[in-house]
Every structure is written in C-alpha cells, then in structure tokens.
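Q: Got a predicted model here, sequence first, then my questions.
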Amino acid sequence: MLFYLDDSNKKQLNSVKRINLASINWREKDLEDLIAHNISKIVSESSLMTIFQERKGKEEPDIMALDRSGSLYLFELKRWKSDKENLLQVLRYGQIFGQSDYNVLNDLYNKHGKKGKELIDDHKEYFNLGKDEEIRKEDFNKKQHFLIITDGTDTETRQAINYWKTTGLWIDAIIYRVYETLNGGKLIEFNTYSPEEDVIEFEEGCYILNTNTKNTQEDDKDMIQNKKAAAYYDPWKTKINKIQKGDKVFLYRNATGIVAMGKGSGIVKKKNYHNLHTEVNEEYYTELEEFMILKTPLKPDEIKQITGVNYRFMSTMFGVGQENGNKIWEYIIKNSI
C-alpha cells in the first residue's frame, strides 16, 4: 500500500488513489508485454528467461519462461481479480505443456520470434552458465511452476492455491496494484502471494473488522458511536493502514454478525488506547463515511448465503474481495436491514 508523505503534516498518511488498467486503456496484451520484458524484476525466486508468449486463438499460457535449471514457468495474466477459473486454466496449461520435451520448447521458442536460434545455447548465454553449470536437453522441463498474475485474488482461489501447495505443486498468485499520483502519473506495484502473510495484504478494498467484544465491550461501543474502524496494539493496529479512501468496511461483532458499515476516509489516525497515557498510540483508526448502523445484524450464515463463502471470523480484520464486499453492501442497502 502506498501513501503520500506530507512535509506540512508529518503525522498524517494520505492514500495514493488506486485505479485499474482498464481505466487507463491498458489491454491484457500490454500487461503481458510489460511482464515478459521485465520478468526477472517481478518474480523474486530467480531470474527467468521468457521463451514464449501466447498466440491469439491458441490454447497457450500468456507467458512461458525458464529458470537457470531449465524448470518451466507458466503464467496466466488478468486485468481483473482472479477466480477459480483462472486457476483451472493455468493448471490446464500444465497438463498440455508439462510433458513437453526440449524439442517442443525449442520449437515454441523459435515461433516466439527466435527463428534459427537454439534454445539451449541462448539459455546458456542468458544465465551465463559456466562449464560445470550447463544443462542437457533432457534436463529441460523437469519441473513446472504455475503463476497467476492479477489485480486481486478471491477467497476460493487462495484456498485452492494453499491446497495444491500441500500436494507439492508449485503454484502462486502475484498480485499487482495500479495507482495514480496527484500529478496524473501512474505507478504499478507487484506483490508475490504467500499463505504465511495476512490475506488482506492482497485484497481488493472490502474488509470485515472485528469490533473486539471478546476483550471489551467498550471498543465496540466506541466504534459505533464515533463511526470509525479501529484496531489496537501491534501487530493488529497496523491493519487499519490497509483501508483506503472509499474501501467498504463492515464492523463485525463476535457471535452476532455485521452490525454497522461505512467507507474509509483515507486518513489513518492514532490515539492512546482508552486515552491512557501509558498506552501511547496503541489505537489506530480511520473514520468511516456513509456510516450505517444495521437495524438487524447480518449473521454469519446469512453472509455465507450471500457470498457463497464460509468465512472464519477469528481475525482482527480480513479482506472479502471487491465482488463479495459489494454483494454484502448491496444486500444490506436493498433489504434495509
């Protein structure tokens, strides 16, 4: 997440406006070309050599690449957030190309515009392999790695990725974010998905925040009365930094359900927890605009029915994705609950 630094007010964070590629007339092909030409800057595990890009009308991955050991990387790119169909698609490519031998890869390499070139020679040159590091033709494509590159991931995709990882399949999602600066400049940020990280690191602007009634009723009451989203102490309080202007936030009360909702103001503030001088800046909060208290709490089973996802409400704050967040928001508005 990006913020502006304000020299006139060094205690304030202002969010950089988040946009998407479609809004600036970028096509999926533009994103594909960008990644193909900068692949080693985006995939941190190792430098990669692009050997092939998708041909229109063909059942092929957007990008194929090799690492220095000859392992094959298959990429599926989307301008929008991923879903389970993207995952199935990239696995389908693994089924098609996972058994391809060197000759097939060399043929694809030549179709990618390297006519007359020998893949094994260019691979050696690209990775500057010494005599003792050279690989044989039969060493190519012994392993496959699957990568989805997209503007956000949904819960089902994350769960599927985690499942396939437990089976030994090397699969991940790389999340990108596009931002616009005050002077109209464009920024793009890439983050590699990791199940060890909190899932909201890569979520799309819709969050469920626990009001902390398990510890005290005062925090719940404070959030409702002061129309804000808050979290307390490290590492939980810093989760509030994820909420950008316009992001939808649902306040969830333990054993009850969603009791209120609003939209982020884009400004994160700090204060002493319960105004105690010994608890300096242990509360991070952001005021919520378009704040609404629900007449009837939206229960967990109703949330599951609306979204199709059985969320676990154990975390301080977690992302539900833009699509499901919009479903919850619209359901509440439509039914005036």
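A: Cool, the structure landed.

Q: For His37, see how far away Asp30 is.
A: From Asp30 across to His37, the span is 11 Å (Cβ to Cβ, to the nearest Å). For every residue, glycine as well, the C-beta is placed using N, CA and C.

Q: ugh, wrong one, I meant Asn9
A: In terms of Cβ to Cβ, Asn9 sits 39 Å off from His37.

Q: So if I had to pick from Asp30 and His37, which one is more boxed in?
A: Neighbour totals were compared for Asp30 and His37, and Asp30 leads with 13 against 10 (other Cβ atoms under 10 Å).

Q: Just say helix, strand or coil for the more buried one.
A: In three-state terms, and counting by DSSP: H, G, I helix; E, B strand; the rest coil, Asp30 is helix.

Q: Check the gap between it and Leu74 for me.
A: As judged by Cβ to Cβ, Asp30 and Leu74 stand 20 Å apart.

Q: Val309 too?
A: Distance, Val309 to Leu74, by Cβ to Cβ: 27 Å.

Q: Neighbour count: those two, which is higher?
A: Of the pair Val309 and Leu74, Leu74 is the one with more neighbours under other Cβ under 10 Å, namely 26 against 16.

Q: Can you give me the buried ones in stretch 229-239?
A: Across stretch 229-239, burial judged by 16 or more other Cβ atoms under 10 Å covers 229-232, 236-237, 239.

Q: Look at the residue nearest to Glu76 when sequence neighbours are not counted and give its secondary structure.
A: Closest residue in space to Glu76, ignoring its immediate chain neighbours: Val90 at 4.1 Å, by Cβ to Cβ, 6 or more residues apart in numbering. Following three-state DSSP, we place Val90 in the helix state.

Q: ok, back up a step: return the closest of the buried residues of stretch 229-239 with respect to Glu282.
A: When the buried residues of stretch 229-239 are compared for distance to Glu282 (Cβ to Cβ), Tyr232 comes out closest, at 5.7 Å.

Q: ok, now how distant is Ala160 from Glu28?
A: Look at Ala160 and Glu28: by Cβ to Cβ, they are 22 Å apart.

Q: Check Asp139 too.
A: In terms of Cβ to Cβ, Asp139 sits 32 Å off from Glu28.

Q: Same check on Thr157?
A: Distance, Thr157 to Glu28, using Cβ to Cβ: 18 Å.
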